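In: sequence? don't have it. structure:
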């Protein structure tokens, strides 16, 4: 495993791959989830990502399932101090069962104060290392949101705040409000991002693919760590049984997939591993949030650590368009 500092040199040391746990406790049962968590920990993985919404849309679920399962794993293994734990707030339907995302709980100070206590209980811990604003809330002033996160940092309930699924201008507005109030600003930005490019006008709802504007913004702000989800495209790069999502189906993707397959064959690795190596070593460093339902899938992703793409290979991958 390799490591980096989250949110600049003074931030927590984290593994350069983060384990995403969205289906744990719902589509992936406890035994299978524990096996993946154990393997990640054995391989030196230290960064684990969840949310208070995972996965409320599954039959009979409330959104607490992933947090609760991780809490049970942390207690049973006694490894809390070896893990950098991230969870999220702001996207849970309120009240439960209401229209989403129209009735997402939002990022008001009362919601943040109440839900951090719930997540701490679910996770069985006294602190959350990275607490993300899950989706943007245009109804609540950013000064109120940043002030609430700042309070939680002050009392030690969270280490740093981050934001997910925000436009670049909203991140900058939030960071300006934090600076004006003298509270910590965001340390991490989480967004959908992968090697394929979405077709113009592709709709992702409240979970957008990182825009060129956001990438340009992050390139000039090394104090913001870019943690990217769906980098592996939920298996579509390597699993013939999975289709490329509709938003990425266009002629440009066909050309990219062809070059990706060629590079993977030349290196003797999988397309997933090339994509992860491409993300890890790009001009804007990416910390991928990887998904796995079994240790074998996880091992494939772990095989990307240390894989370096030389300038010629990277140019071939990047200049397809």
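Out: Okay, I see it. Quick caveat, the model's predicted, so the values are computed rather than measured.
In: can we go C-alpha only for contacts and neighbour counts from here?
Out: Will do.
In: Do you have the helices of the stretch 51-200 of the chain handy? List them.
Out: Using DSSP state H, counting those that start in this stretch, the helices of the stretch 51-200 of the chain run over residues 65-77, 109-123, 142-154, 168-181.
In: taking the mean pLDDT, what do you get for the first one?
Out: Read that as helix 65-77. Here helix 65-77 scores 98 as its mean pLDDT.
In: tell me the angle that helix makes with helix 109-123.
Out: Angle between the axes of helix 65-77 and helix 109-123 is 40 degrees (criterion: axes from the mean of the first three to the mean of the last three CA atoms, to 10 degrees).
In: and helix 65-77, which residues are buried?
Out: Residues of helix 65-77 classed as buried: 65-74 (neighbour count, 16 or more other CA atoms under 10 Å).
In: Between the helices of the stretch 51-200 of the chain, which one is closest to residue 43.
Out: Closest approach to residue 43 among the helices of the stretch 51-200 of the chain is made by helix 65-77 (15.0 Å; CA to CA).
In: could you say what helices and strands that closest one packs with?
Out: Under the contact criterion of 3 or more CA pairs under 8 Å, 6 or more residues apart in numbering; DSSP states H and E, helix 65-77 touches helix 30-42, helix 109-123.
In: Let's see that with 10 Å instead.
Out: With contacts taken as 3 or more CA pairs under 10 Å, 6 or more residues apart in numbering; DSSP states H and E, helix 65-77 sits against helix 30-42, strand 47-49, strand 84-89, helix 109-123.
In: residue ranges for the strands of the stretch 101-250 of the chain, please.
Out: Here the stretch 101-250 of the chain has its strands, by DSSP state E, counting those that start in this stretch, at 128-133, 158-164, 188-192, 225-229.
In: is it possible to export those to JSON lines including distance to residue 250, mean neighbour count and mean pLDDT?
Out: Listed next are these as JSON lines, based on distance: least, CA to CA, whole Å; neighbours: other CA atoms under 10 Å; pLDDT from 0 to 100:
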{"stretch": "strand 128-133", "distance to residue 250": "32", "mean neighbour count": "26", "mean pLDDT": "98"}
{"stretch": "strand 158-164", "distance to residue 250": "27", "mean neighbour count": "24", "mean pLDDT": "98"}
{"stretch": "strand 188-192", "distance to residue 250": "18", "mean neighbour count": "23", "mean pLDDT": "98"}
{"stretch": "strand 225-229", "distance to residue 250": "21", "mean neighbour count": "24", "mean pLDDT": "98"}
